[in-house]
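Q: Below is the sequence, then the predicted model.
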Amino acid sequence: MTQNNRAPGFREGNSDPNANPKAHPDPNSNAVKDPDDWTTGDEPMTGAQASYLKTLCEQAKQPFDPGLSKAEASNRIDELQDITGRGG
């Protein structure tokens, strides 16, 4: 028997480009919030944010600030995605 290593909810052959809620969030959902309104926005950025931000900073030839909060890092990622063309 072959083991299925796919994430729960994965459907083979789903070609709907809007099926990914991260890429196409519901505009009426409360899951999409301005980083300035996050209740944990003043906490240090996550490891994932730091890693991605470092990559974007290198590509944009911009300095990396390891002291950013979660909200600041999210805003900076948005800015650098625009600069590098990696934004959605």
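A: Noted; the coordinates are in hand. Fair warning: this is a prediction, and the values are worked out from it, not measured in the lab.
Q: From here on, just use CA atoms for contacts and neighbour counts.
A: Will do.
Q: Poorly predicted segments of this protein, please.
A: 1-32, 88 (pLDDT under 70).
Q: Apply 80 and report the result again.
A: 1-41, 87-88 (pLDDT under 80).
Q: mind listing the helices in it by residue range?
A: Per DSSP state H, the chain carries helices over the ranges 47-60, 70-84.
Q: For Lys33, find the nearest of these.
A: helix 70-84 (10.5 Å; Cα to Cα).
Q: okay, now Trp38: neighbour count?
A: When counting by other Cα atoms under 10 Å, one arrives at 12 neighbours for Trp38.
Q: doesn't Glu72 make contact with it?
A: No - when contacts are counted by Cα atoms under 8 Å, Trp38 is not listed as touching Glu72 (10.8 Å).
Q: which of the helices of the chain is buried the deepest?
A: helix 70-84 (a mean of 18; mean count of other Cα atoms under 10 Å).
Q: what's it in contact with?
A: Helix 70-84 is contacted by residues 35-36, 38, 40-46, 49-50, 52-53, 56-57, 59-60, 87 when judged by Cα atoms under 8 Å, 6 or more residues apart in numbering.
Q: before we move on, what about stretch 33-44?
A: Contacts of stretch 33-44 (Cα under 8 Å, 6+ apart): 67-72, 74-75.
Q: hmm, which two among the residues you listed are most spread apart?
A: Among the contacts of stretch 33-44, Gly67 and Asn75 lie farthest apart (Cα to Cα), at 13.7 Å.
Q: Which residue, neighbours along the chain excluded, lies closest to Tyr52?
A: Ile77 (7.9 Å; Cα to Cα, 6 or more residues apart in numbering).
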